[in-house]
Structure formats: C-alpha cells, structure tokens
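Peer 1: below: sequence and its predicted model.
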Amino acid sequence: MHLERLRFKEINLADPFFDSLKAGYKEFPIWFAKKAEDFAYVFKNPQGTIDGFLYLKLENGPVSDTKPPLPSAHRLKVGTMKINAHGTKLGERFIKKIFDHAVFDKVEEVYVTVFSHHSPLIGLLERYGFHAAGTKESPNGTELVLVKQMKAAHADVVLDYPLIRLHDKRAYLLALHPQWHTRLLPDSILKNEDSDIVQDISHTNSIHKVYLAGMFGMEALRRGDVLLIYRTSDYQGAAHYRSVATSVCVVEEYRPIHSFETRDEFLTYCRPYSVFEEQELQRFWAERKYPHVVRFTYNLALRKRVTRKVMIEEVGLDSSARWGFMSLTHGQFVNIIRKGLTDEGLVIYQA
C-alpha cells in the first residue's frame with residue numbers, strides 16, 4: 001500500500017476521490033487551496049489515483065463551535081479523513097498515524113467531526129475509543145463530534161489503545177531476530193530522531209500484528225499481557241550494545257496452532273496482520289515448527305534504545321538467562337520503559 005506524506009499543493013484536487021468532499025463541504029476547494037504548504041497523508045492505489053486522505057491539525061484552547069463546547073485543552077484535530085475501502089487495512093493505518101501524532105505531541109485528546117451517515121468510519125473510530133461528545137452545526141448540516149481522550153481507560157486492549165494497562169497484568173520480554181523485527185515493526189524505531197516515528201509511512205506501521213514463534217513458555221500468554229519487544233543482535237558489534245529493547249505491545253489473543261481446524265482458517269487469521277509471506281505461512285502450517293500464534297497491538301516505540309548492557313547492569317536482568325521469551329517484574333518493565341524515554345502518561349499503573 002502506497003502511503004505518502006505530501007504538501008496540499010502536491011495533491012491533485014481534481015482526483016474523483018475528492019468529489020464527495022466537495023459535495024458535502026461547499027467550502028472544501030477554497031479551504032484546500034489555503035492549505036497549500038501544509039502536509040497531509042495520501043494513499044494512492046496501484047493505478048495512481050487516491051483512495052485515502054488524512055489531514056491532522058494541532059489546536060490549543062476551547063472548541064466553541066460545537067454543542068456543547070469542548071473545554072480548553074491541547075488537542076489534535078482530525079481535520080479531514082476519508083477512505084475508499086477495498087478490503088485493505090487502510091483505516092487502521094490511518095488510526096495508527098493519528099495516535100502516533102497524538103503521542104508525539106503529547107495531546108490530551110483527539111477529536112473529529114463526521115456526518116452520521118458515515119457509519120463505517122464512525123464504527124472504526126469507536127472501536128479505538130472515540131465516543132460521541134456533541135454535535136456541530138454548519139451550512140453543510142449537522143455533524144457528530146467524536147472525541148478520544150488519550151488517557152481515559154476502558155479496561156479493554158483495543159479501546160484503551162495506545163494506553164498500556166500495567167496494573168495486575170504480566171509483562172514479558174519477547175525477542176525477535178533482526179530480519180523479523182524489520183518486517184514486524186517500522187525501522188524508524190531504531191533511529192535516533194523522534195520525528196521518524198511520526199513520519200514513518202511504511203506498510204509495517206499498523207496497529208495489529210500476528211507473530212508465530214516456538215519459544216518455550218509462550219502458551220502462558222493471555223489477553224492484556226504486556227510485551228517488551230527485544231531486537232537481538234545483528235552481529236555488527238558486541239551483543240551488549242547491538243541487542244536492544246525497541247517497543248511495547250499488548251497481547252490481544254494467544255492461540256496454539258492446533259486450535260485452527262484447517263489451513264484456510266489459519267491463513268485467514270494470520271494473513272491480514274502477519275509479517276510472513278503466504279508461502280511462509282503455508283510452510284509453517286505444514287511443519288508446525290512454530291506452534292505459538294500471538295496477535296497483539298503495537299502500542300509504543302521507545303524513543304531511546306535500551307541496550308542489553310543497560311538492562312543487565314542497570315535494570316538487573318539475568319545475563320545467563322535465555323533471552324527469547326522471559327518474564328519481567330513490574331519494576332523491571334517500568335525501569336526499562338523509563339530508560340527508553342517513553343511517555344509514562346500512557347502507562348496505567350493502578351486500577
């Protein structure tokens with residue numbers, strides 16, 4: 001899927017994709033022209049025409065043109081979001097991009113206005129914790145105002161996303177070899193620039209992931225368990241410095257491979273979110289070499305890599321243990337994410 005970050009002046013307003021926006025918002029062409037130097041995310045299909053558009057804007061203060069008004073806050077407004085759905089996961093990718101910006105800019109909430117007849121879009125937003133907070137009247141009609149409070153907890157993995165609920169949850173380290181890590185998570189998380197996390201537009205930058213592994217003990221995983229992703233050494237230097245913690249994820253579901261009755265059921269479950277190619281998945285099914293199938297949400301990238309050396313010498317992890325899949329204490333996990341300069345406001349410590 002070809003997602004680009006472009007200035008408005010680089011985007012073809014004559015593309016038929018924008019026809020419905022022009023019809024729904026009479027002022028849209030004038031607004032579009034005024035945004036010439038601003039950036040938006042654009043998804044183009046293989047034919048080169050547009051199938052998705054996302055514009056985000058930071059705001060400070062109250063929002064007075066809604067009923068009821070929204071109180072003063074540091075907000076991210078989803079100025080425009082439109083998707084032509086063709087069975088892709090583009091909507092979820094846009095949601096991920098919205099939350100990437102929200103986390104990076106440390107906003108208190110995100111809001112969007114949408115007409116009630118756009119029920120698929122409303123359903124998508126509600127799935128990730130947006131709720132109706134009022135209406136907005138304009139010459140174009142009445143729109144719903146949907147708000148996502150970034151630190152509101154719902155006690156649900158997906159509704160809470162990207163929040164991480166640590167209270168009464170177990171934490172584990174999950175090691176990935178570099179070749180799988182590169183496929184599973186955006187390479188930007190291994191760079192030093194914070195803004196790379198926001199600007200990354202790779203196809204791997206999605207909310208949900210499915211991973212297969214064969215490490216002992218993974219059958220203990222349950223919904224809500226927290227995973228610290230650990231990229232093993234690429235052997236370009238000492239493992240003490242080249243092996244690093246990179247990300248935090250939350251388990252949605254664990255399934256043993258034998259719980260799938262047929263190959264097609266297995267492929268249907270894994271294919272949309274897996275890092276593995278179709279032929280790899282078919283081979284895994286035939287060989288049963290990787291019996292553990294884990295689906296999880298990709299919540300946070302650590303802004304600073306935490307090396308194996310630091311985790312041993314400063315956090316107290318056992319250097320003699322097998323760092324494939326292993327349990328972490330509450331204190332060890334918190335210590336590591338603090339060293340990774342993660343926004344602790346996104347971690348719920350108490351009920």
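Peer 2: It's in.
Peer 1: residue most distant from the centroid, this structure?
Peer 2: Pro139 (34.9 Å; C-alpha atoms, centre = their mean).
Peer 1: thought it was touching Tyr25?
Peer 2: No - between Pro139 and Tyr25 no contact is recorded; they are 9.3 Å apart, counting by C-beta atoms under 8 Å. Just so you know, the C-beta spots here come from the backbone N, C-alpha and C atoms, and that holds for glycine as well.
Peer 1: how far off centre is the helix or strand hosting Gln282?
Peer 2: Assigning secondary structure by DSSP states H and E places Gln282 in helix 278-287. Its chain's C-alpha centre lies 26 Å from the corresponding centre of helix 278-287 when counted by C-alpha atoms, centre = their mean, to the nearest Å.
Peer 1: also stretch 328-339?
Peer 2: Taking C-alpha atoms, centre = their mean, one finds the center of stretch 328-339 at 21 Å from the center of the full chain.
Peer 1: which residues touch it?
Peer 2: Outside stretch 328-339, the residues within contact range by C-beta atoms under 8 Å, 6 or more residues apart in numbering are 166, 171-173, 226, 228, 245, 248, 300, 302, 304, 306, 310-311, 314-317, 344, 347, 349.
Peer 1: buried residues, the helix holding Gln282. List them.
Peer 2: Across helix 278-287, burial judged by 16 or more other C-beta atoms under 10 Å covers Leu281, Phe284, Trp285.
Peer 1: rewinding a little: out of the contacts of stretch 328-339, which end up buried?
Peer 2: In the contacts of stretch 328-339, burial by neighbour count holds for 166, 171-173, 226, 228, 245, 248, 300, 302, 306, 310-311, 315, 317, 347, counting by 16+ other C-beta under 10 Å.
Peer 1: show me where pLDDT drops low in the stretch 151-300 of the chain?
Peer 2: Low-confidence segments of the stretch 151-300 of the chain (pLDDT under 70): 186-204, 234-241.
Peer 1: residue boundaries of the strands in it?
Peer 2: Across the stretch 151-300 of the chain, reading from the start of the chain, the strands by DSSP state E, counting those that start in this stretch fall at 164-165, 171-176, 208-213, 226-231, 244-256, 292-307.
Peer 1: so which of those strands is the most packed in?
Peer 2: Ranked by mean neighbour count under mean count of other C-beta atoms under 10 Å, those are led by strand 226-231, which reaches a mean of 24.
Peer 1: CA atoms only: put it into PDB for me.
Peer 2: Provided in PDB are the C-alpha atoms of strand 226-231 (Å, rounded to 0.1, in the frame of the first residue of the first chain):
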ATOM      1  CA  VAL A 226       2.400  -6.700  28.100                       C
ATOM      2  CA  LEU A 227       5.300  -7.400  25.700                       C
ATOM      3  CA  LEU A 228       8.600  -5.700  25.600                       C
ATOM      4  CA  ILE A 229      10.000  -6.300  22.100                       C
ATOM      5  CA  TYR A 230      13.700  -7.000  22.100                       C
ATOM      6  CA  ARG A 231      15.600  -7.000  18.900                       C
END
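Peer 1: tell me how far Asn84 lies from Arg322.
Peer 2: Distance of Asn84 to Arg322, given as C-beta to C-beta, to the nearest Å: 47 Å.
Peer 1: those two: which has the busier surroundings?
Peer 2: More crowded of Asn84 and Arg322, by other C-beta atoms under 10 Å: Asn84, with 16 against 11.
Peer 1: name the nearest residue to that one, sequence neighbours excluded.
Peer 2: Once its chain neighbours are removed from consideration, Asn84 has its nearest residue in Asp51; the separation is 4.3 Å (C-beta to C-beta, 6 or more residues apart in numbering).
Peer 1: how many residues are close by that neighbour?
Peer 2: Neighbourhood size, Asp51 [other C-beta under 10 Å]: 21.
Peer 1: please identify the helix or strand for it.
Peer 2: Applying DSSP H and E as the criterion places Asp51 in strand 50-63.
Peer 1: now the helices: where do they sit in the stretch 1-150 of the chain?
Peer 2: For the stretch 1-150 of the chain, helices defined by DSSP state H, counting those that start in this stretch occupy the ranges 19-24, 28-34, 90-104, 119-127.
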